[in-house]
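Enquirer: Got a sequence here, can you build the structure:
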Amino acid sequence: MIIQRLSHDRGRASADGVESLQTFSSGAYYDPAWMGFGALRALREARVDPGAGLPVHRHANMDVFSYVLDGAMGFEGAMGFDGDEAEAGIVRAGELQWLGAGHGLRHRAFNASQDEPLRFLQIWIQPDRLNAQPAYALSAAPTAGADGFVLRASRDGRDGGLPVRQDLRAYSAELAPGASARLALDPGRCYWLQLARGDAHAAGRALAAGDALGFAAEAGELALTAGAAGAQALLLDLPAAG
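Expert: Below you'll find the predicted structure:
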């Protein structure tokens with residue numbers, strides 16, 4: 001089964017210089033037809049004006065990824081490490097941040113620039129354990145010239161990438177015009193492909209920026225081929241939906 005989620009069908013919310021485009025129900029956006037995809041519980045594209053940001057908020061028992069597409073995302077967080085000082089820093093374009101919320105943490109994300117806009121994808125993954133110690137890690141942007149799908153996160157950091165608390169592999173791809181990225185599909189798993197930039201073809205479908213495809217019980221090969229504008233994408237390889 002292949003499902004398609006078009007960019008213009010996503011939920012939208014705007015407040016205090018932050019525009020959110022929601023693929024699945026979360027926060028103020030609710031659509032009973034889009035409640036997640038297996039362990040993938042939320043995926044939103046945030047567009048943040050210079051100097052604006054998200055207020056401090058709390059997560060618990062959720063793995064939260066932020067994949068920066070444009071600009072620089074500042075973050076501050078009371079990480080829950082038994083009273084340790086708050087973590088703070090900047091995530092730049094191409095980098096992937098992981099917060100393992102565990103038994104609970106508070107944080108905020110904001111545009112670190114007063115001049116340039118920020119755009120990032122935020123992804124929530126349901127972990128396979130409860131009330132773990134909060135944790136944090138950052139994946140550097142792939143080196144120039146990296147081809148195909150690049151592994152960015154995997155369970156406990158095995159096989160490369162960030163350590164995560166789910167049977168997950170997260171890949172990114174930055175493709176020149178006409179270039180392709182390929183991955184063999186396991187019919188016992190499910191996959192979510194999110195096109196972040198440019199245009200591409202996959203599974204016989206034309207994709208524009210913001211479009212997505214979900215694959216469940218599909219075999220064969222996933223081939224993502226960039227169009228004339230090139231393409232940037234995120235691919236989540238997930239355990240089969242229950």
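Enquirer: Just give me the neighbour total for the nearest residue to residue 27 once chain neighbours are set aside.
Expert: Using Cβ to Cβ, 6 or more residues apart in numbering and skipping the chain neighbours, the partner closest in space to residue 27 is residue 13 (6.9 Å). In short, each C-beta sits where N, CA and C put it, glycine included. Number of residues near residue 13 (other Cβ atoms under 10 Å) recorded here: 14.
Enquirer: Packing partners of the longest strand that the chain contains?
Expert: Looking only at the chain and at elements set by DSSP state E, the strand with the highest residue count is strand 220-239. Other elements packing on strand 220-239 under the criterion 3 or more Cβ pairs under 8 Å, 6 or more residues apart in numbering; DSSP states H and E are strand 118-125, strand 169-175, strand 180-185, strand 189-202.
Enquirer: Contact partners for residue 203?
Expert: Shown in contact with residue 203 (Cβ atoms under 8 Å, 6 or more residues apart in numbering): 2, 213, 215, 222.
Enquirer: How about residue 39?
Expert: Shown here is residue 39, whose contacts under the criterion Cβ under 8 Å, 6+ apart are 125-126, 166, 168, 238-239, 241.
Enquirer: do you know how far the closest residue to it other than its chain neighbours is from residue 40?
Expert: The spatial neighbour of residue 39 that comes closest, neighbours along the chain excluded (Cβ to Cβ, 6+ apart), is residue 126 at 4.6 Å. With distances defined as Cβ to Cβ, to the nearest Å, the gap from residue 126 to residue 40 amounts to 8 Å.
Enquirer: Those two: who's more crowded?
Expert: Using other Cβ under 10 Å as the criterion, residue 126 and residue 40 rank with residue 40 on top: 23 against 18.
Enquirer: for the residue lying closest to the more buried one once chain neighbours are set aside, what are its contacts?
Expert: In this structure, residue 40 finds its nearest non-sequential neighbour in residue 192, 5.6 Å apart by Cβ to Cβ, 6+ apart. In this structure, residue 192 makes contact with 37, 40, 43, 212-215, 235-236, 238, judged by Cβ under 8 Å, 6+ apart.
Enquirer: and if we set it to 10 Å?
Expert: By Cβ atoms under 10 Å, 6 or more residues apart in numbering, the contact list for residue 192 reads 3, 5, 23, 37-40, 43, 123, 170, 212-216, 234-238.
Enquirer: Tell me the one among the contacts of residue 203 nearest to residue 111.
Expert: Nearest to residue 111 among the contacts of residue 203 is residue 213, at 29.5 Å by Cβ to Cβ.
Enquirer: tell me which element that closest one is part of?
Expert: Residue 213 belongs to strand 212-216 when elements are defined using DSSP states H and E.
Enquirer: Show me what that strand is packed up against.
Expert: The elements that strand 212-216 packs onto, with contact taken as 3 or more Cβ pairs under 10 Å, 6 or more residues apart in numbering; DSSP states H and E, are strand 2-5, strand 189-202, strand 220-239.
Enquirer: quick one on the thing from earlier: dump the helices and strands packed on strand 220-239 to a markdown table, plus mean pLDDT and distance to residue 9.
Expert: Formatted as a markdown table, these follow (pLDDT from 0 to 100; distance: least, Cβ to Cβ, whole Å):
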| stretch | mean pLDDT | distance to residue 9 |
| --- | --- | --- |
| strand 118-125 | 97 | 17 |
| strand 169-175 | 96 | 23 |
| strand 180-185 | 97 | 24 |
| strand 189-202 | 98 | 14 |
